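Asker: give me a 3D structure for the following:
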Amino acid sequence: MSFFKKWIDKLSNNFIGRLFKLKRLQHILMAIIFFVSVFSVLTISLKPEKFDIALGQRSPADIYSPKDIEDRWATQKLKEKASESVELIYSFDSAVHVEVKKDIENFFQTVYQLRNNEELDELDEISEEEKKSILEEENPLNLNKDHLDTALTAPLDKISYLETYIYEIVAQSMNTGIKVENLQKEKSSIKEYVLQLEDFNDSMKEMGIAVIHATIRPNMFFDIEATEQLREEAVESVERIMIKKGDNILKEGDIVTHDRLEILRGLSILTDNNKVDLMLYLGITSIVLVIQILIIAYIYFFNREIFDKTDKLLMMYIIMLGTLIIAKALASISIYLMPVAVSAMLLAILLEPRLALLVNLCLSILISIITGNDIIFLTMAVLGGAVGVFSVRNMQQRTGIFISGIVVSFVNILTIIGIGFINSNEVGKVLMYGFYGVLNGLICSILTVGTLPLWEHLFRVVTPLKLVELFNPNQPLLKKLLIEAPGTYHHSIIVGNLSESAADAVGGNSLLARVGAFYHDIGKIKRPYFFKENQLTSENPHEKLTPSLSSLIITGHVKDGIDLGKKYKLPAEVMDFIEQHHGDTLVAYFYHKAKTGENGENIDEQSFRYCGPKPKTKETAIVMLADSVEAAVRSISSPSKDKIEKLIHKIVEEKLADGQLDESNLTLNELEIIKKTFVKVMLGIFHERIEYPDTDIKELKGRKAYGTSN
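Answerer: Next up is the predicted model:
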């Protein structure tokens, strides 16, 4: 049972191990970790402080708004005021006046008929009592008996005159408009007016007033829909009262009112409020996703090879996160001390300058959000980081990083002073910010220099600075090569010169090619005298060995070099030169020697070839060609330009025909450039010397002996 359990555990571990080695899974995990980390930093930075206060209490401190929010209570008050200020809308009904006029006309028409005995043909004469009785029955205005008596007894001309007055009074009032609520007021005004008339006696005035009061009525009615529409328009025109981010909500000691408490609750900064600020989390999620997608898209389209180097992605993630954390810590002193440019400078040295520019922009935006979208800081961070990238590009001395820091400081102070003086007249305050900007640049250079060796070591990154250190003659392995295999050392120096010039001519990494050439033959340290350049005497140890054994020793220097490189912890990029500088070429001399010996027909060519692999990059292919060219040209007895050109052309053509350059991405045009560069460099080494006559030589030696030579 125990054995079975161990077997299951082993199988599980192997499966999990293989699973985590999958590139896609690594990328997904890294993307998740990056998102969670940056999201957490932003959340911690942007999540506001909470307060334990209640209605009626005094504020324990000055409370400022962590973001923009509407003051709904103040806005509602303004809306109510705007709504109340809207005048009521009334609609005018002209038909009412016609009806009133018709009622008055009907009444007086009846009076005239009775008084003129019209429509009563069957009666020759009717009494006054009968007229009153008829008028009472046909009294549409419900006038009392006194008013009816006046209508029947007053002179007709006066009645007609009064009727005309009544029409004018009613027309005047109704043309102006009578509202329901103003009807009684209007009737009182009419009554006062009529009583002041001198053309009529009191009884006729009273009758006129009664007729008007009985007929007049409102002709202006409240328009609910029109009024409500105007009120809505007035309410909508009211601008919201906003509390901006950083505005004071409560001062220390202020009484907490209901409206202030609601604002605090809306901001989710009360301890008794368990409401999750979804808007904050949604905003942070959106900005982090956009930045993450932007970086991934850039790498995918322009630096896709980085996807194959998960450790480089991890390094970039750690540098970005570290910059965010350091920036958050220094923000307590001043936001202008936040060293955003340090990530740009590090990534420009460790990875690629254009990617560093993008990362600098993204970090500047993220940190700007944390600092409250300060335009001066954002501009300083973007420009300072960009200058930092430009100044460290192709840098080969670590001390030069301090110069870059000074340049960043200079740009920082110019940016702060420039924007500061545009937006403010506080000279002292702006200059203080400028001082922080200078310190910012210095901090960036210190952090870059201090942490660069750590990144180089942990993630095995070969930077130009590291390469410069590697071709320093005081490097232990190069010293060992110089002492134990001086001929190989000299050969490597010349190969380095050839490789550097050729790589530079075709746009390759010339510094890497030079360093790779310096170390490509370190395997010869193990058996230096088996290689021609280290044989100080005419004795050749290969004469005592079989061709197959000699071939094994010669090809073995590659494996010996790899072992030495691992022992001295050479970077993988340099190890590639050791492993690939011969590809799988044939050791032709010993192969042909073996073919002409006994059992030559049974010789396997493959056993006389290097184990490879073939050069994978332009730089390793150039070193392969330079290695062969240097050895071949050195063997020419009387080198001339024509001989050198033909030999270099032959070597390159042979390597090309043998398929050694198939995986190196070198084009035919670049090979032509490389050949011309090799010729130029080799002619500089094997230049023609002036042959002095014997007499001149003796004279020259004499001068040297007596110290008179120039």
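
Asker: buried residues in the longest helix along the chain?
Answerer: Ordering each helix of the chain by length in residues (DSSP state H) puts helix 427-458 first. Neighbour-count burial for helix 427-458, with 16 or more other CB atoms under 10 Å as criterion, is recorded at 430, 433-445, 447-449, 452, 455-456. Bear in mind the C-beta positions are built from the backbone N, C-alpha and C, glycine included.

Asker: could you list the low-pLDDT ranges of the stretch 451-600 of the chain?
Answerer: Within the stretch 451-600 of the chain, the ranges that satisfy pLDDT under 70 run 538, 600.

Asker: can you give me the helices in it?
Answerer: With helices called from DSSP state H, counting those that start in this stretch, the stretch 451-600 of the chain shows them at 464-470, 476-484, 486-505, 510-519, 547-567, 572-580, 588-595.

Asker: tell me which strands and helices the helix or strand containing Asp642 is in contact with?
Answerer: Assigned by DSSP states H and E, Asp642 belongs to helix 641-657. Applying 3 or more CB pairs under 8 Å, 6 or more residues apart in numbering; DSSP states H and E, one finds that helix 641-657 makes contact with helix 618-634, helix 668-685.

Asker: could you single out the most deeply buried of the ones you listed?
Answerer: Comparing those on average neighbours per residue, with mean count of other CB atoms under 10 Å, the densest one is helix 618-634 at a mean of 25.

Asker: extract the CA atoms of it and return them as CSV.
Answerer: The C-alpha trace of helix 618-634 is given here as CSV (Å, rounded to 0.1, in the frame of the first residue of the first chain):
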residue,chain,number,x,y,z
LYS,A,618,23.9,36.2,-36.9
GLU,A,619,26.5,36.8,-34.2
THR,A,620,27.4,33.1,-33.7
ALA,A,621,27.6,32.6,-37.5
ILE,A,622,29.9,35.6,-37.9
VAL,A,623,32.2,34.2,-35.2
MET,A,624,32.3,30.9,-37.0
LEU,A,625,33.3,32.6,-40.3
ALA,A,626,35.8,34.9,-38.5
ASP,A,627,37.4,31.9,-36.7
SER,A,628,38.0,30.1,-40.0
VAL,A,629,39.1,33.2,-41.8
GLU,A,630,41.7,34.2,-39.1
ALA,A,631,43.2,30.7,-39.0
ALA,A,632,43.3,30.4,-42.8
VAL,A,633,44.8,33.8,-43.5
ARG,A,634,47.4,33.4,-40.8
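
Asker: now it against helix 486-505, angle please.
Answerer: Helix 618-634 and helix 486-505 are oriented at 130 degrees to each other (axes from the mean of the first three to the mean of the last three CA atoms, to 10 degrees).

Asker: against which helices or strands is helix 618-634 packed?
Answerer: Contact here means 3+ CB pairs under 8 Å, 6+ apart; on that basis helix 618-634 packs against helix 486-505, helix 510-519, helix 572-580, helix 641-657, helix 668-685.

Asker: which one, of the ones you listed, ends up nearest to Asn144?
Answerer: Across the helices and strands packed on helix 618-634, the minimum distance to Asn144, taken as CB to CB, is reached by helix 572-580, at 122.2 Å.

Asker: next, the angle helix 547-567 makes with that closest one.
Answerer: Computed by the same axes, to 10 degrees, the angle between helix 572-580 and helix 547-567 is 180 degrees.

Asker: distance from the chain centre to helix 572-580, please.
Answerer: Taking the mean of its C-alpha atoms, helix 572-580 sits 38 Å from the chain's own mean (CA atoms, centre = their mean, to the nearest Å).

Asker: follow-up on the earlier one: most tightly surrounded among the helices of the stretch 451-600 of the chain?
Answerer: Ranked by mean neighbour count, the helices of the stretch 451-600 of the chain are led by helix 510-519 with a mean of 27 (mean count of other CB under 10 Å).
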